[in-house]
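Chemist: requesting a structural model of the entry that follows:
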Amino acid sequence: MKYSQPYGVTDTNAPYINGDPSTGTAGSIPPAASIEYPQREIVNFIADNGLAAPDNGDLRQLSKGIQSGLVNFGVDTGVVNQMSVNLTPALTSYYRGLRIYVLAAVSNTGATVLSVNGLTFKPVKRRDGTDLKANDITAGSIQLYIYDGTVFQLFGAGMSGGAGLLTQNLDIYVNYSIGNDTNDGTANDAAHALKNIQRAINLAFIYPPSQYTITIHVADSPSYAGFYTPYWSGPNIKVTGNVANPQNVLVTGQNTHAVQVAGVNTLTCEGITVATTLNAAGPGGGFVSSNGASLFTNNTRSNYVTGAVFEAYQANVNIGVHSFNGNCGEMYWSYLNGLISWNDGVAQNIVAPITVGYCAYATQGGAISVPPSRLVWTGFGNVTGQKYYAYMNGTIGTSGGGVNFFPGTVAGATANGGQYV
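Modeler: Numbering: from 1, shown residues only. Next up is the predicted model:
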């Protein structure tokens, strides 16, 4: 609708003026269009939103039309990964900022396009600019699409707590040799694989918590840097390398931990080797769980680690089969109410002579708990250092294994309320 200037005035933007009898000033004459067109615009808006016929007995129909939102709502009539909707009134061209709520007909399986009122199909992208992933759109869901001038962005997709909820398990691929961190991680090839594990963790944490698991598949390489989870809650993460040959996937903490899970999160690691840089200035742990997290490991390996190979700080660590192949500050360290435990009868292998500060160290309420069937040690005599130390109410339970249950050349000790059982 155009602006209708006063009748008889050529300036299309001329204002209306009031008449003033005291000065003989004539007031503006409103043309018919200035009265008719606004009414018709409002009447059409009411009709386009599917409300009852315009009625002078209800002077809130405009507000009700805005509340209904039907002019921005469409029902998908397309096929998988190719959405089609019709709006009323019909859209004649796309414009930046266009918002459409769409009731999806089918779930998507990958990259998706959208057409409105038969216009050209436009790509639908996630918040980070990548293609949609399977089930970002689920059949029967209503989601918001915003046109940015080039593509439609699916509001919330790729944003924790928004759309893009996990509806099934998801796989992400990392390959240091051929990957690129600008890829999407959907396959183990040069066009899709990521280069670094941390990039995969970051992608995984765009999803909110759910019962599903995101598995990060890591190809063989000695060049991976350490990685960590954010502190906010995310999905269950599993990092799997080479389970048969964990020495082929080396993750090195550069003056920091090699692997750390923090916050109320769960991380499982298998088939990887951890290490830290020699004489690292930072904390330099191997597998670290902190601040309420849970860490599970199996078929893992460690080279030189500045601090503890396994560390539980106000959190839990459950250890599966592991091979020690380098010196460390502690093999197992639990503190500030942390818990280190094992599955029944798992193997702990010392595959080369190593020197440790302590094999098992529990302090400040931390606990180290050996299962009833205990552990299977190989290379028990390869450890030089103190067997255990329980300090400041830390507890070490061996299920009756005795003072020589842990390997080492120096007798264990307790102090300040520490207990060894």
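
Chemist: give me the residue ranges of the stretch 1-150 of the chain where confidence is low.
Modeler: Along the stretch 1-150 of the chain, the model assigns pLDDT under 70 to residues 52.

Chemist: just the helices from it, written as ranges.
Modeler: 32-48, 61-68 (DSSP state H, counting those that start in this stretch).

Chemist: and the shortest one, what does it pack onto?
Modeler: For helix 61-68, the contact count by 3 or more C-beta pairs under 8 Å, 6 or more residues apart in numbering; DSSP states H and E identifies helix 32-48 as packing neighbours. (Glycine included, C-beta is placed from N, CA and C.)

Chemist: list the buried residues in the helix it packs on.
Modeler: Within helix 32-48, the residues that qualify as buried are 34, 45-47, counting by 16 or more other C-beta atoms under 10 Å.

Chemist: which strands and helices lie in contact with that helix?
Modeler: Using 3+ C-beta pairs under 8 Å, 6+ apart, helix 32-48 is in contact with helix 61-68.

Chemist: how far off helix 32-48 does the helix it packs on point, in degrees?
Modeler: 40 degrees (axes from the mean of the first three to the mean of the last three C-alpha atoms, to 10 degrees).

Chemist: how about residues contacting helix 61-68?
Modeler: Under the criterion C-beta atoms under 8 Å, 6 or more residues apart in numbering, residues 42, 45-46, 48-52, 54-55, 71 lie in contact with helix 61-68.

Chemist: so for stretch 251-265, what's the average pLDDT?
Modeler: Mean pLDDT, stretch 251-265: 94.

Chemist: quick one on the thing from earlier: which member of the buried residues of helix 32-48 is positioned nearest Gly110?
Modeler: Comparing the buried residues of helix 32-48 against Gly110 with C-beta to C-beta places Phe45 closest, at 37.8 Å.

Chemist: residue contacts, that closest one?
Modeler: 62, 65, 71.

Chemist: isn't Ala382 right up against Asn349?
Modeler: Slight slip there: residue 382 is Asn, not Ala. No. With contact defined as C-beta atoms under 8 Å, Asn382 does not reach Asn349; the gap is 9.3 Å.

Chemist: for Tyr95, see how far away Val124 is.
Modeler: 17 Å (C-beta to C-beta, to the nearest Å).

Chemist: in TSV, list the contacts of Phe45 along with distance to Val261 and neighbour count.
Modeler: Formatted as TSV, the contacts of Phe45 follow (distance: C-beta to C-beta, whole Å; neighbours: other C-beta atoms under 10 Å):
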residue	distance to Val261	neighbour count
Leu62	54	16
Gly65	51	20
Val71	47	16
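
Chemist: okay if I get these as JSON lines plus distance to His192?
Modeler: Formatted as JSON lines, the contacts of Phe45 follow (distance: C-beta to C-beta, whole Å):
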{"residue": "Leu62", "distance to His192": "50"}
{"residue": "Gly65", "distance to His192": "46"}
{"residue": "Val71", "distance to His192": "39"}
